[in-house]
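S.K.: sequence isn't available, so here's the structure alone:
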């Protein structure tokens, strides 16, 4: 592979590149190279799936299935990406999804029908995000600790509400949303929500002041403060945003699984963080890509799908998943550093 | 104890046969006859009448799953039934250290009998031993201690039997179908019980050479994972005849996935015995036709055994002077024909 060193990053660059880099490479920043690599990984996976299970993998229904399964964790990951970009972390996402899904499916809430469930899920999500945000921004707590505490309490509260029971949803308008009849031009409504959240997330992070402030806070909070950004308020908003995403995800999960259970959202925090990291978001903050995160989620979901279609068992799945994460990150870093 | 019984039974059986063959004229004063009487009549067996007042200590894990919730309920309700039994219940905990502390508290209170469903059987063996050494007999419920010295009696479910009975039920339904295909939706794969269930299922299917297990995926006993894994299985297998799902809780999700995929061309058997599954079986409208029990009533039986033990009695219906040292509950298959009988044991 020819190496095109587009403008030397520091003054020590010995020689300016002889050939001018092709126009497309100039236009494409580092971020886009990462995105392309992820698309490459996804393409390889699709190839593997297509070769091993041509009939069941390359099928519209399977595409719908993969995207649907990616929706819930995908929405959570978008919120998580914002938090990580700002230099924080939200360990409570899985627990918030559990609490919101459980609260929104109690017998009392179900009486209020579709909007009662939707409203409760979102309010609970935002409420938990508010507590996280206040503790971190104004209580000066480390995000790791504050959200860890939220993880424990939200799971506990979810258990208290359900008593360990599975709360089956009986509101038909909610259930219908997950059926094939509700598909819009072949696209499941859950996937539409996921797509909308992704697009809005991308616009907010890349095209608004709010997004630039988020990056600034993550890059150097002190500098951001000196530049006149209200860092504390920004942090509060970010955890609210993550909570909102969890609330939406909880609603999607209720539609998908037709029930609320306190074990919902198990280990979502790890899946979301892993997807964001694979997607090129720096764990230390200051840089992040919504599209990368979403591709990370799709890669994970596709891997799970290919494993299931090939009837591979849990042990093999887990080993291979770990190996693929490492491989994806290594390939990506290599590609990114050569451009 | 078992050895003694079988030897006695053998002697008695041999004596009875020879007596019947040779001493046809002799009718009374048969020594064997007398022996038989002693075993069945003089032995004090526990019954519903109030006996000596006793205190039973009960320590279970945190009820974060429908089945565990039912276990705690069964134990409490059974104890309420007996006026002379006082049940000391600890707050459920999944934390080993905390559960050890709770059991030690019960030992210090000098309860008469302990019923323990450990969060982790192996990790709680020591505290079981401690109770036994302190003279408090332990009834070990379901998750077994590492050492037989740590309990007087073990009562639990039969995971292998669940798989076996599910396979037999499916096998009988499909035995006339050539090249029948079966799939399995297992529970958490790194639990021993999941391996036992799968082993039982595979062994049971070996009796039916026309049936082949074509796919198996493991979910996590949760609705969410049941939905996700079932959706994948349905996509992978466009045509199969029967499905065994290890757990009715994850079955709620599995049924949701089946409904979403619009599939109804197979027979489904569940596991554990949730109320929602019983109701679906009774209505007979969906694919779920039966479920294999992992009966939560074992907790009520554990209280019965603890009571018999505390009052120094045996179990009625058995010839033994003492309660058994192990009781493995049968994993009955519940289908449309007998679902009404089990409805009240279904858990939410």
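M.R.: Structure's in. What do you need? Being a predicted model, the structure only gives us computed values, none of them experimental.
S.K.: now for residue 248, how many residues are close by?
M.R.: No chain was given, so I picked chain A. 26 (other C-beta atoms under 10 Å in any protein chain shown). To be clear about C-beta, it is placed using only N, CA and C from the backbone, and glycine gets the same treatment.
S.K.: hm, I was asking about chain B
M.R.: Residue B:248: 30 neighbours (other C-beta under 10 Å).
S.K.: verify the contact between it and residue B:281 for me.
M.R.: No. Taking contacts as C-beta atoms under 8 Å, residue B:248 lies outside contact range of residue B:281: 10.3 Å.
S.K.: would you pull up the residue in the stretch 51-200 of chain B closest to chain A?
M.R.: residue B:189 (3.8 Å; C-beta to the nearest C-beta).
S.K.: so is that residue in a helix, a strand, or just coil?
M.R.: The three-state label for residue B:189, taken from DSSP: H, G, I helix; E, B strand; the rest coil, comes out as coil.
S.K.: that one and residue B:64, how far apart?
M.R.: Distance, residue B:189 to residue B:64, by C-beta to C-beta, to the nearest Å: 19 Å.
S.K.: for chain A, what are the nearby residues on the stretch 151-300 of chain B?
M.R.: Residues of the stretch 151-300 of chain B lying close to chain A by C-beta under 8 Å from any C-beta of the partner chain are B:189-190, B:214-218, B:220-229, B:231-233, B:235-236, B:238, B:249, B:252-253, B:256, B:259-262, B:274, B:276.
S.K.: buried only: go through the residues you listed for me.
M.R.: Neighbour counting over those (16 or more other C-beta atoms under 10 Å in any protein chain shown) leaves B:189, B:214-218, B:220-229, B:231-233, B:235-236, B:249, B:252-253, B:256, B:259-261, B:274, B:276 as the buried ones.
S.K.: helices - which of those residues land there?
M.R.: B:223-229, B:231-233, B:235-236, B:249, B:252-253, B:256, B:259-261, B:276 (DSSP state H).
S.K.: show me where the stretch 151-300 of chain A has helices.
M.R.: Under the criterion DSSP state H, counting those that start in this stretch, the stretch 151-300 of chain A contains helices at A:172-176, A:189-207, A:209-219, A:221-226, A:231-257, A:268-278, A:290-309.
S.K.: hey, what's in contact with both of residue B:248 and residue B:281?
M.R.: Shared contacts of residue B:248 and residue B:281, defined by C-beta atoms under 8 Å, 6 or more residues apart in numbering or on different chains, are found at residue B:291.
S.K.: so where's chain B shaky on pLDDT?
M.R.: B:1-44 (pLDDT under 70).
S.K.: where does residue B:87 land in three-state SS?
M.R.: For residue B:87, the assignment made with three-state DSSP gives strand.
S.K.: show me the contacts for it.
M.R.: B:55-56, B:58, B:75-76, B:79-80, B:303.
S.K.: as JSON lines, the residues you listed with neighbour count, distance to chain A and secondary structure would be great.
M.R.: Converted to JSON lines, the contacts of residue B:87 look like this (neighbours: other C-beta atoms under 10 Å in any protein chain shown; distance: C-beta to the nearest C-beta, whole Å; DSSP: H, G, I helix; E, B strand; the rest coil):
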{"residue": "B:55", "neighbour count": "16", "distance to chain A": "26", "secondary structure": "strand"}
{"residue": "B:56", "neighbour count": "26", "distance to chain A": "23", "secondary structure": "strand"}
{"residue": "B:58", "neighbour count": "26", "distance to chain A": "17", "secondary structure": "strand"}
{"residue": "B:75", "neighbour count": "26", "distance to chain A": "15", "secondary structure": "helix"}
{"residue": "B:76", "neighbour count": "15", "distance to chain A": "14", "secondary structure": "helix"}
{"residue": "B:79", "neighbour count": "22", "distance to chain A": "20", "secondary structure": "helix"}
{"residue": "B:80", "neighbour count": "11", "distance to chain A": "19", "secondary structure": "helix"}
{"residue": "B:303", "neighbour count": "27", "distance to chain A": "20", "secondary structure": "helix"}
